[in-house]
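Model the following, please.
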Amino acid sequence: MEKKLILRGLLAGAVGGLLAFLFARIFAEPQIGRAIDYESGRDAAQAALDKAAGIPAEAAGPDLFSRTIQADVGIGVGMIVFGMAMGALFAVAYAICLGRVGALRARNLALVVAAGGFLGMYLVPFLKYPANPPAIGHEETIKARSGLYLTMVVCSVVFLIGAAWLGKRLQARFGNWNAVLLAGAAFVVAIGVVMLLLPSFGHLGYNREHFGDHATETPLPLTDGKGTIVYPGFPADVLFSFRFYSVAAQLLLWTAIGLVFAPLAERLLQPRPGTAAAREPAPVPA
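Below is the predicted model of the structure:
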């Protein structure tokens, strides 16, 4: 039964990944193009400053893949594979929750698990470490940033599971509504403490030393030796649009996973009378 659920999760994830790719290709990709144009212009301005100061310019390495390949094949394959991975994790979580979260129907449980996946896997970590387009982020901090983001994701998922467990335990004493509110408040407090303890990317040691104490790694205006601005900082509208469309693409992905998986799971778990599946023994949660 679990394998059948995972296969359906993979299918739902592939559909969600494809829809998210189409959305991102239309709305987010232009923002990526603008960010790359900004980065190219800033690099040219920096090269001119270095040349005026007598600093030899570093030769730029060749691009392994063209922008067309990256924007179409690269992002498309990546998002579909990512969607399938999230669909498989979703199906595992669904199988674990099956029969353990009250009298939810198969369809309703799928939507609840999908909402939890979007919240725990993406939205909550995004609030601390939002997605950034190209030109934002330094190569020297990639390892530190990846570790911090992974820590945020793990804490978000663990605390969300803990909140679900706490709500279940409090249900008999406080009722469904109050138990949900108390569990939600506990989650907000716990994840809020983690957000306060984890540093912002701009506060990392390398960034403090080379760029000053700032909240993010978003490029500031480029200045010459006299303090004159020779190239502007990263456009705020591009940054906002990219982050907005990133959240929308993830919301579309998880919504599609829940909506596609829900009827597939219902047919598997609650087959119509008279079918071969209906004559099989009902699955017993492990």
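
switch to C-alpha atoms for all contacts and neighbour counts from now on
Fine.

Please give the element, helix or strand, for residue 108.
If you go by DSSP states H and E, residue 108 is part of helix 106-118.

Let me see the ranges of the strands in the stretch 101-250 of the chain.
222-223, 229-231 (DSSP state E, counting those that start in this stretch).

Just put the ones you listed in TSV and tack on distance to residue 182 and mean neighbour count.
Listed next are these as TSV, based on distance: least, C-alpha to C-alpha, whole Å; neighbours: other C-alpha atoms under 10 Å:
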stretch	distance to residue 182	mean neighbour count
strand 222-223	48	16
strand 229-231	50	15
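
Looking at the ones you listed, which is nearest to residue 151?
Counting by C-alpha to C-alpha, residue 151 lies closest to strand 222-223 out of these; the figure is 32.5 Å.

average pLDDT across stretch 69-88?
Mean pLDDT, stretch 69-88: 88.

Would you map the helices across the protein?
For the chain, the helices defined by DSSP state H cover 2-52, 67-69, 75-97, 106-118, 124-128, 142-197, 205-211, 236-269.

How far away from the center of its chain is the longest one?
The one in question is helix 142-197. Remark: helix 142-197 is offset 17 Å from the chain centroid, using C-alpha atoms, centre = their mean, to the nearest Å.

quick revisit: including mean pLDDT and distance to residue 2, could the strands of the stretch 101-250 of the chain go into CSV?
Formatted as CSV, the strands of the stretch 101-250 of the chain follow (pLDDT from 0 to 100; distance: least, C-alpha to C-alpha, whole Å):
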stretch, mean pLDDT, distance to residue 2
strand 222-223, 92, 55
strand 229-231, 93, 56
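
can you tell me which of these comes nearest to residue 157?
For those, proximity to residue 157 was assessed by C-alpha to C-alpha; strand 222-223 is nearest, at 39.3 Å.

Please compute how far the closest one lies from its chain's middle.
Counting by C-alpha atoms, centre = their mean, strand 222-223 is centred 32 Å from the centre of its parent chain.

Reformat the strands of the stretch 101-250 of the chain as CSV; add distance to residue 27.
Output for the strands of the stretch 101-250 of the chain, formatted as CSV (distance: least, C-alpha to C-alpha, whole Å):
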stretch, distance to residue 27
strand 222-223, 28
strand 229-231, 26
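
Low-confidence regions, this protein specifically.
57-68, 71, 102, 272-286 (pLDDT under 70).

got a list of what the residue positioned nearest the centre of it touches?
Geometric centre of the chain, nearest residue: residue 122, 3.7 Å, by C-alpha atoms, centre = their mean. With contact set as C-alpha atoms under 8 Å, 6 or more residues apart in numbering, residue 122 has these partners: 153, 250.
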